[in-house]
Structure formats: structure tokens, C-alpha cells
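J.: missing the sequence, but the structure's below:
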């Protein structure tokens, strides 16, 4: 073992810069080039990295001190053979100000050789007063190479969900948790093989500083336009003032998904510190604090849970002791249903829905579909064509003819505008074991029936496996919700905001239809078109439905 002095490297033509943040403490194990402190001049903030890997034995500076090139930062105990002071690598200057600063000079190589690989334990950091939260996602597996702050798992309390990042970079040698496990602060997550690190004694109750902040990153947009649990910002607010925070705090906030402009800083001049981020995340997880975006969704969420508070004047939701009437069973709702339920309730309450019902004669189209699939039976690579693929193409043609259906409302009051889209992304509702999700076929106008059928099959499988990404469920212009494989006659589908219409279809059935001389058996498909009366009027909706049905009745019209 050897003691190595870590000093401030060449930071350009700036003198007496203030130390505004200490990012390590005595006893911490640090990696080569890990940030140790943050300094700030009158032009910019920058982080000072470590010139060696080892264990912090003594810190020589404090917050508020003034430092220059060559100032001693701390002493490290390394695995090197000789203690030699060496200048640290030049720090990266953060873009905290548009004012130019002098470029750092190239770093001198560290004299302390990196230590051999070591096994490091990664723990759950401080996530507030939660004794046990459920693991609902595991992002990595044994053998994976991970980076510092890469998300390892997602945990969920009854108020919010968050991702837990890794405190170290390396290779996962062992995973200590699985789906459904309950974890708390200090729970062991994984054993990571770290190169160039010194193994420190593992203390379950004291995770490393790099993992001291809970990562409440936005939940992947699951279900219909699912809101992030802790959104990075409120998209309706335009921020003109940059929150007072160092580069490392900004990076942590991005990882956490914390809106910095909603965090009150406890440092000098209101500077946001690590403890402020921790407190904000704990408050959100405990439900004591809501972000602006959560407050916007609060009425829908509260009423979807049975409360009457979203609508003043309504009676409170009845509280019933169901067990006194007989045996019951309580089951947790899936995460998808919780999120989509609040969204659907909001859409139903806010959007003035009207639903038109009609029938489409798909006799010839179904015969054509069956014949097409039969001709391709001998081709193992052939894609099975579905009726929904034809409906997606019909929806594109109808949106082109009636562009107000391919629109969204933007703004409020007198400033409200109608956004007419020039692209055609069609969503389709997919039933999964965990609830309803809506994958989106992008640029459906540029794809053929076979291509759409294949993409639908791939997206539906990913939906059932719970592997749909946010990008695959966003950007939709119009949604088709099909109950054809189940049954039913008509229903009133809820519009998938910010879209302005949705087509619901039920199971087709043979019905007698008069042709002028006799009744003929025809295969009829029930249609249910729900539309936003703020954008669309009844006449336009009736014409859309009639035109959509005519395309399915004679698909040759699609080329006209």
C-alpha cells in the first residue's frame, strides 16, 4: 500500500476558484478519474477527477475553500509501491455558463498504477423510509458489463417507482435479487468485478457515495401514453432561469429524473446539493411531494382510485367492509393498469366523447384474405395476413380524406390551436397478461399489407413479453381497438389522447342482407367510432365511418 497525493490539475487561466461540493468522504473507494470535488469560477463550474484509484484516507480541503493548480485535494491509499505526487487529469468543464473559459492542458499520466481487479458489492442506496419495496424489473444478468450509474433494477412503492443505478463499473459476477423480491436501503443487489479498484470492506448499511442517491428515473412509457413517475420536467412550463447546481448534481438529477427547478437548494445562494436531491426523491416516493406533472394528473388518479375529490360537490366514495358479507381476496393491480387507468379516466372526463356505430360488409375482403394466406401456406417465410392489417390501411386512407381526424389540440383557451399531422402512425390495442398497451405502426402509409402484418405480429409479441419500448408506443395519430377475436357487438372505445378519434371493431358475423331481390348471407363487421366533439362534428364523423366501411367492402377503392 502507498499514500498518493491528489492535487488540482491545470484548470486554465483561473485563480482562487471556490470549492462548492465534496463528492467523496474519508473511507470511500474511488476509481481512476472519478470526480472528487466541484469548483466554480465566475464563468463556469468544473469537476476535479482523481489521478489514482484507491481509498480516501484524508481530505485536505473543505467547502468554501479557494484552490488553484497544484492545491492538495486529498490523500489516497493505493496498491502502488511508492507514494508519488502526480498531477490529476484535466477536468471536463461543465456548460454551466455560455461564457468561454480557458481550455485545460492535457493531463499528466498518474504515477500510481491501477490496482488489480476486485469484487465490489453493490447495495440499494438511500430510498427513504421504505423497509421493503418490490423489485418489478431486472435490467441486467450475470456476465453483463455495466457502467457507473447504469440502472440495474426497478423497484416500486405504493406511491412511485424508481430505477436503482450501479455505484461501480465492471462485470456482474453474481445477482442477489430477482423479480418479486423485497429490498430496502442497504440490500445487496450484485457482486461486480471492478478493474483497477481496491476492494473495501462491505458494509450493507453504508453504500458507496456514488450510489447514495436513489434513482427514480421515468418509467418506460407503459400503456396508453403512460406518464413518467418522476418526470424530468413539466412540458407545459417554459423555464427561463437555470437552477443553481453543479454539473455532478445536474447529472444525478438527469439519472433520477428529478426536475431541478422544483428542488429547493439548501446551499449558499440557494445552490442545490446532493442532500436536496435525496430529500426530494424521498418525498416523492413517500407521496409527501408531487411534481408539477404529477399534480396535473392528480385529479384523474384520485378519482380513478375511488375518491370524489376531483369533482367538488360529489359525495365521498363509499367505504365498505366487504369481508363482513363473505370471503374475499385482495390482489395488487398491475403497474400497467394503474398507470393506464388514470390516463383513461382523464381522457374520458376531459374529452367530450361521441360514438357512432356502423357495419362494414367484409365478405369479399375476408375471402381475399383467406385465399392469400392459403396461397402462402407452402412458404414457411410467408407472413400471415390479418384483417387488422387491412383496417390499418383503410384508416390511413380515411385520415387522408378527412384530415381533421389526424389532428391534436394544443394549448388552452384563446391560444388553442389544431395541429394537423402530415404523417400516419396507427396504433392498435394489444391485450397482455398485465393489461392493455398500444403499440404503434409508424408510417403505415408507406407500408404494404404484408409488412404491416409482420410488424404487428412482432410488436404484439413484445407487448405480451413486456418488452415494448417507449418509442414503440408513442407518436400515434389514430388507434384501432379490436375485440374481433373475442366477441361482442358494439362498444364505446375511449379516445387515446392526444389523438381525437379511435375506431373500435367487434367480431364479424354472417347476417342476411337484402340485395333488392332476395336476402343474401353477408359477413358484417361492427364498427364503433369514438370522436372528440371539440374537433369533429357529427356529419364529419358519419362520413368518416361510411367511407371507412366502404373501403373494407371494396378494397379496390384504396387505390383511388
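T.: Yes, it's here. Note that the coordinates shown come from a computational prediction; the quantities given were computed from them, not determined experimentally.

J.: Low-confidence stretches in the protein?
T.: 13, 42-44, 80-116, 128-130, 157-161, 196-243, 247, 255, 285-312 (pLDDT under 70).

J.: any idea which strand is longest in it?
T.: strand 519-532 (DSSP state E).

J.: Pairing partners for that one, with directions?
T.: Partners of strand 519-532 in the sheet, by DSSP bridges, are strand 353-361 (antiparallel), strand 501-505 (antiparallel), strand 509-514 (antiparallel).

J.: Flag every buried residue along the helix or strand following the longest one.
T.: To tie it back to what came earlier, the one meant is strand 353-361. Moving toward the C-terminus from strand 353-361, the next helix or strand (DSSP states H and E) is helix 363-375. Buried residues in helix 363-375, defined by neighbour count with 16 or more other Cβ atoms under 10 Å: 363, 365, 366, 369. Yep, even glycine has a C-beta here, placed from its N, CA and C like the rest.

J.: ok, which pair from those is furthest apart?
T.: 363 and 369 (11.1 Å; Cβ to Cβ).

J.: now residue 427, what's its secondary structure?
T.: Following DSSP: H, G, I helix; E, B strand; the rest coil, residue 427 is assigned to strand.

J.: Thought residue 439 was touching it, still the case?
T.: Yes: shown here, residue 427 and residue 439 form a contact pair, counting by Cβ atoms under 8 Å, at 6.8 Å.

J.: Common neighbours of the two, please.
T.: Residues touching both residue 427 and residue 439 by Cβ atoms under 8 Å, 6 or more residues apart in numbering: residue 473.

J.: The two: who's more crowded?
T.: residue 427 (28 against 21; other Cβ atoms under 10 Å).

J.: wait, what's in contact with that one?
T.: Residue 427 touches 438, 439, 440, 441, 473, 476, 478, 479, 480, 496, 499, counting by Cβ under 8 Å, 6+ apart.

J.: My guess is the fourth one contacts residue 453. True?
T.: No: contact criterion Cβ under 8 Å: residue 441 and residue 453 do not qualify, at 10.1 Å.

J.: now the helices for the stretch 301-450 of the chain?
T.: For the stretch 301-450 of the chain, helices defined by DSSP state H, counting those that start in this stretch occupy the ranges 335-350, 363-375, 387-401, 449-464.

J.: packing partners for the last one?
T.: Based on contacts counted as 3 or more Cβ pairs under 8 Å, 6 or more residues apart in numbering; DSSP states H and E, the elements that helix 449-464 packs against are helix 387-401, strand 430-432, strand 440-441.

J.: Can you point out the buried residues in it?
T.: 449, 452, 453, 454, 455, 456, 459, 460, 462, 463.

J.: Which of these sits closest to residue 558?
T.: residue 449 (10.0 Å).

J.: I'd like the distance between that closest one and residue 386.
T.: Residue 449 sits at a distance of 9 Å from residue 386 (criterion: Cβ to Cβ, to the nearest Å).

J.: Also residue 163?
T.: Distance from residue 163 to residue 386, by Cβ to Cβ: 36 Å.

J.: and what of residue 263?
T.: Applying Cβ to Cβ to residue 263 and residue 386 gives a distance of 49 Å.

J.: same check, this time on residue 144
T.: 37 Å.

J.: the more surrounded of those two?
T.: residue 386 (21 against 15).

J.: Just say helix, strand or coil for the residue in the chain sticking out farthest from the centre.
T.: In the chain, the residue that sits farthest from the middle, by Cα atoms, centre = their mean, is residue 517; the gap is 59.2 Å. Recorded secondary structure, residue 517: coil (three-state DSSP).

J.: Show me where the stretch 151-300 of the chain has its helices.
T.: Under DSSP H, counting those that start in this stretch, the stretch 151-300 of the chain gives helices at 247-256, 274-286, 292-304.

J.: Who are the packing partners of the shortest one?
T.: Contacts defined by 3+ Cβ pairs under 8 Å, 6+ apart place helix 247-256 against strand 35-40, strand 45-49, helix 274-286.
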